[in-house]
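Student: coordinates only, no sequence provided:
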Ligand SMILES: [Zn+2]
């Protein structure tokens, strides 16, 4: 079972990121969050992403968007 790291709500096992749409939208903004999810889906499709990496990847993804 996958749970949102922020609010703890249950997410689909298919979920590539352990954050729900609601929390993701409020933390990164809807557009940025969609980009992060898309990047993770691409990474998973390439087979170089495992569950342990999901949370650690998030801060690095947001670094270059601090100027917003
Ligand atoms: Zn949530």
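Tutor: Looks like it came in fine. Remember, predicted model here, so these are calculated numbers, not experimental data. Numbers count the residues shown, from 1 in each chain.
Student: so which bits of the helix or strand hosting residue 42 are buried?
Tutor: Residue 42 belongs to helix 30-45 when assigned by DSSP states H and E. Of the residues in helix 30-45, 32, 33, 36, 37, 40, 44 count as buried by neighbour count, 16 or more other CB atoms under 10 Å. Backbone N, C-alpha and C define where each C-beta goes, glycine included.
Student: adding pLDDT, write the residues you listed out as JSON lines.
Tutor: Below are those laid out as JSON lines (pLDDT from 0 to 100):
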{"residue": "32", "pLDDT": "96"}
{"residue": "33", "pLDDT": "96"}
{"residue": "36", "pLDDT": "94"}
{"residue": "37", "pLDDT": "93"}
{"residue": "40", "pLDDT": "90"}
{"residue": "44", "pLDDT": "86"}
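Student: helices and strands around the helix holding residue 42, which ones?
Tutor: Applying 3 or more CB pairs under 8 Å, 6 or more residues apart in numbering; DSSP states H and E, we find helix 30-45 packed against helix 21-28, helix 51-63.
Student: least reliable of those going by mean pLDDT?
Tutor: Among the helices and strands packed on helix 30-45, helix 51-63 carries the lowest mean pLDDT, a mean of 53.
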